[in-house]
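Asks: need a 3D model of the following:
(2 chains)
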Amino acid sequence: MAEEKAQEEVEEQEEAKHELLEELRSSFGEKILQARLLRPRRLQVRIKGEDLYPVAEFLKGAGFDHLSCISGVDYQEHMEAVYHLWSYSRRELIQINAELPRDNPEIASLVPLYRAADWHEREAYDMLGIVFKGHPNLKRMLLPETFEGHPLRKDFKTQPMSWYLEGEAEMWETPVEVSPPEDGETEVMVLNIGPQHPSTHGVARLVTTLSGETVVKIEPVIGYLHRGVEKIAEMRTYQQFLPLTDRTDYISSITNNLAYVLAVEELLGVRVPERAEYLRVILSELQRIANHLMFIAAFGADLGAWTVMMYGFREREMVLDLMEQVSGQRLLYNFLRIGGLKEDVPPGWEDNLRNFLRVLPERLADYETYFFNNEIFIKRCEGVGVLEPELAIDLGVTGPMLRASGVARDVRRDDPYSIYDRFDFEVVTEEAGDTLARFKVRFREIFESLRIIEQALEDLPEGEVRSPDVPKVIRPPRGEAYSRIEAPKGELAYYVVSDGKSTSPYRLKIRSPAFCNLSAFPHYATGEIIPDMIVNFASVDIVMGEIDR
Amino acid sequence: MVNEMLLQVLQGLIAVVAVILFLSLNVLFLTWMERKVIARIHVRYGPNRAGPYGLLQPIADMLKLLTKEDIVPEKADRLVYNLAPVVAFLFALMPAAAIGIGSGLIAADIGVGVLYIAAVASLSTLAVLMAAWGSNNKYSLLGGLRTAAQSLSYEIPLVLSMIGIVAIVGSLSTQDIVAAQSQAWFGIIPKWFIFYQPLAFIVFFTAVVAEMGRIPFDLPESESELVAGFHTEYSGMKFAMFMFAEYIHFVVGSALVVTLFLGGWHLPVISPLVAELGWVKYLVQVAIFVAKMYLVIFVLMWVRGTLTRTKVDHVLSYGWKGLLPLALANVVITGVVLSI
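Replies: Now for the predicted structure:
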């Protein structure tokens, strides 16, 4: 019955897709080099670089309102800028491969269409040297301005660290220019918040322009934790790279594992055993709970409520214990495998999990009293940092931040992966779009995750947890895969390209949710005072390991 | 004549040493107590390695801070920077002189007691501003400005809330104020000013917390925003002196609450029992006073463990629009009641 339904859906979708692809072909004719349907909800268009802007404009008109990711790939003979656009209304993802000449990789900037393109394009410029014409501020994103070369080009020669950092010291010496005040204006002050600062949650730097306590301008500077994960991926085998995914968003490593293995499994065409699918869902939702508890704890610390911080960590400890029983690790689990899991959960673990499902809601009742009956807390967060839904979508904001602006979008429901279509859960939204709403969404999502775990635990089948079809040496056929999942922080996606010959990814790009969410931060936090800025920043829920990669 | 003068000087010196000793001992104990109380609220253990129950932790802290490198920022205003911790320490000590911990157990029973305390207490803002300016650090400067704004807004309700008591007692001396609270209804219910002046108590208590710069009013040094506020650039002993000054404020503020509103060293039933017992009387008085003081201190720690930090604009508007009218209303009500 379920299969039949899925089959029907496929056919239905195929027709709809053909429609769009036909439209594309008829409007652009020869300019469309290739247009095809990869699988349900996945389309691909191949074009020349110079035709990108009109095609993107057309697609935006056709309802593709969310620019998910921009990646660059160096194919040695030519280069490609790869765009992933998602349509919230059509529930389809289209991948645009725009071919560029390697000696002069120039392409039109999409910033006028999608403001989310801003940071993505800067990163592609930084990593591959693709020049986006018309970009308002095309400078390096993750690497220092003094860096020479573009590391993700295939002919890039790696050098000792000191070589890259030469000349960086002088860069720090140059003071930030501040224009002198005009008559009747107060002088502004540039304050460097970070890279070392108690509320930057890692090593983010916010170059803030202040007029008194009011924030006039914020410019986030990132890249302090850049470890070149995407470059390392090209030098590791598919299995070897798995532990490194843990280390991107180190607060929720299971979901990173999941996004990566989904992409590789798609390339390989492997089906995962049922039991493994259920356990993946359970672990992912546990991870979401741990992440949100961590968010609540850190948010409390930023508000000066250290008690909340300790309570949040206490509750998170329960999740860590469960994870430890499963994987032997407490932070970086490295538990998922291509084609399943490392091993089955230990006997008795399910009872421990049931116990956790019972205890957590009791503990969370305290949180409710603490936060929602606390006038100081409410007053600090209500109406602070309002992010309008249209702006949020335009900026590529996803996850709890988008849902707090009243947009009920969740990859788990809109574009189900794994077996999320089997569970009944609510996509939590809040209307206000302020910091309080962002807090509430995350808080309420914990309960939804508990619901999903309960359902999954009830239906948990017996059997294998690792597919026998996965070869010892993983050498996927030539192709590309883009796996999107709803990570705790938002839409996490791995874009993996295989050349069909090598045992390591030809190119791997991580679409990090916090990266895009952070890019929205200056838009809604300016014009408020420093304390507001701190709670606004905390409400993004960032982990620098994932943003800088 | 000479002998008399010498005696006076000696008496003064003893009083000064006694005050400093009393405050220092309390401060040392407080650093331990604060960490322990907050730890229990946080579901932690707190210090438990140095000595029994971690009681020697303050000594260990002190030694650590003494051996730390003393860093002066390159672009600091050296004179102001170095002077600020000393000034902060001195101004923190000064109000303690006019607060007694037993009848006659007071360093200087000056006639304008309460007024003097209010006046010197506000001087400590100067030290904070000095530190903020001298450090040549933007976080420090912002912290200093916040301190100035905050103490300005809370100084006025603080003083106004004391006027009611002064009007009832008819004296500014702290000794007289405590003496006025010695009686009890039916021998059990104490005639403390907290019952006569509940509104003033609320205003005073809030203003005192704000003056101390503790959560929820710890904006001058809110670590999540301004790193450490005015003392961001201080290390080693200079930092220790700021911390010391802060804890002295804590002790003095609580002692003031006890003196003004909680009957000082008087406790119904017990105080009359020991009234004729010579030196034991003084011992009991000090014990009662210290016990009450620690009760207030515990409440303040509890508040710190429970509340979140407020926002700088909320603090100011709450001071001017909330506390000030309340304090004024209290003065008017007291005046009307007294004249009837």
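Asks: count the residues that sit near residue A:475.
Replies: Neighbour count for residue A:475, taken as other CB atoms under 10 Å in any protein chain shown: 16. For the C-beta atoms, the positions are set from N, CA and C on the backbone; glycine is no exception.
Asks: so where does the closest residue to chain B within chain A fall, helix or strand?
Replies: Taking CB to the nearest CB, chain B has its nearest neighbour within chain A at residue A:304, 3.3 Å off. Per DSSP states H and E: residue A:304 is located in neither a helix nor a strand.
Asks: per-residue pLDDT of it, please?
Replies: Per-residue pLDDT puts residue A:304 at 80.
Asks: repeat that for residue A:238.
Replies: At residue A:238, pLDDT is 89.
Asks: residue A:166 now?
Replies: Reading off the model, residue A:166 has pLDDT 65.
Asks: mind listing what the residue in the stretch 51-200 of chain B that chain A sits nearest to touches?
Replies: Across the stretch 51-200 of chain B, no residue is closer to chain A than residue B:138, which sits at 5.1 Å (CB to the nearest CB). Shown in contact with residue B:138 (CB atoms under 8 Å, 6 or more residues apart in numbering or on different chains): A:189, A:191.
Asks: what's the distance between it and residue B:144?
Replies: Relative to residue B:144, residue B:138 is positioned 11 Å away (criterion: CB to CB, to the nearest Å).
Asks: need the residues of the stretch 151-300 of chain B near chain A, please.
Replies: Contact residues, the stretch 151-300 of chain B versus chain A (CB under 8 Å from any CB of the partner chain): B:215-216, B:218-219, B:222-227.
Asks: pLDDT (mean, whole number) over stretch A:201-211?
Replies: In the prediction, stretch A:201-211 has an average pLDDT of 82.
Asks: before we move on, what about stretch B:68-78?
Replies: In this model, stretch B:68-78 carries a mean pLDDT of 83.
Asks: chain center to that stretch, what's the gap?
Replies: Stretch B:68-78 has its C-alpha centroid displaced from the chain centroid by 29 Å (CA atoms, centre = their mean, to the nearest Å).
Asks: which residues sit against it?
Replies: Here stretch B:68-78 has contacts from B:81-82, B:133-137, B:233, B:235-239, using CB under 8 Å, 6+ apart.
Asks: extract the C-alpha trace of that stretch and format it as CSV.
Replies: What follows is stretch B:68-78 as a C-alpha-only set of coordinates in CSV (Å, rounded to 0.1, in the frame of the first residue of the first chain):
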residue,chain,number,x,y,z
LYS,B,68,49.9,36.7,39.4
GLU,B,69,51.7,39.0,37.0
ASP,B,70,50.7,42.6,37.3
ILE,B,71,49.9,43.8,33.8
VAL,B,72,49.5,47.4,32.9
PRO,B,73,48.2,48.0,29.4
GLU,B,74,50.6,49.9,27.2
LYS,B,75,48.2,52.8,26.4
ALA,B,76,46.7,53.1,29.8
ASP,B,77,46.7,56.3,31.8
ARG,B,78,49.2,54.9,34.4
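Asks: buried set for it?
Replies: For stretch B:68-78, burial by neighbour count (16 or more other CB atoms under 10 Å in any protein chain shown) applies to B:73, B:76.
Asks: chain B contacts on the stretch 151-300 of chain A?
Replies: A:189, A:191, A:197-199, A:213, A:300.
Asks: what sits against residue B:157?
Replies: The contact partners of residue B:157, taken as CB under 8 Å, 6+ apart, are B:203, B:206-207, B:319, B:323-324, B:326-327.
Asks: for those, point out the one with the lowest pLDDT.
Replies: Within the contacts of residue B:157, pLDDT is lowest for residue B:319, at 84.
Asks: next, the spatially closest residue to it that is not a sequence neighbour: secondary structure please.
Replies: Nearest residue to residue B:319, sequence neighbours excluded (CB to CB, 6 or more residues apart in numbering or on different chains): residue B:153, at 3.4 Å. Residue B:153 falls in the helix class when you classify it by DSSP: H, G, I helix; E, B strand; the rest coil.
Asks: then residue B:107?
Replies: Here residue B:107 is recorded as coil under three-state DSSP.
Asks: quick check: it vs residue B:143, distance?
Replies: Per CB to CB, residue B:107 is found 32 Å from residue B:143.
Asks: of those two, who's got more company?
Replies: residue B:143 (29 against 21).
Asks: for burial, what's the neighbour tally of the closest residue to the more buried one other than its chain neighbours?
Replies: Sequence neighbours aside, residue B:229 is the residue nearest to residue B:143 in space, at 2.9 Å (criterion: CB to CB, 6+ apart). If you count neighbours by other CB under 10 Å, residue B:229 ends up with 26.
Asks: residue B:229 against residue B:141, yeah?
Replies: No - Residue B:229 lies out of contact with residue B:141 (CB atoms under 8 Å); the separation is 9.7 Å.
Asks: what touches both of the two?
Replies: residue B:132.
Asks: and the stretch 1-150 of chain B, which of its residues are near chain A?
Replies: Looking at chain A, the residues of the stretch 1-150 of chain B close enough under CB under 8 Å from any CB are B:38, B:41-44, B:138-139, B:142.
Asks: now the buried members of these.
Replies: Among these, the ones that count as buried by 16+ other CB under 10 Å are B:38, B:41-42, B:138-139, B:142.
Asks: does any bit of stretch A:349-361 sit next to chain B?
Replies: No - counting by CB under 8 Å from any CB, chain B has no neighbours in stretch A:349-361; the shortest distance is 14.7 Å.
Asks: contacts for that stretch next, please.
Replies: So stretch A:349-361 is in contact with A:282, A:289, A:315, A:318-319, A:321-322, A:325-326, A:446-447, A:450, A:453-454, A:457, A:460, going by CB under 8 Å, 6+ apart.
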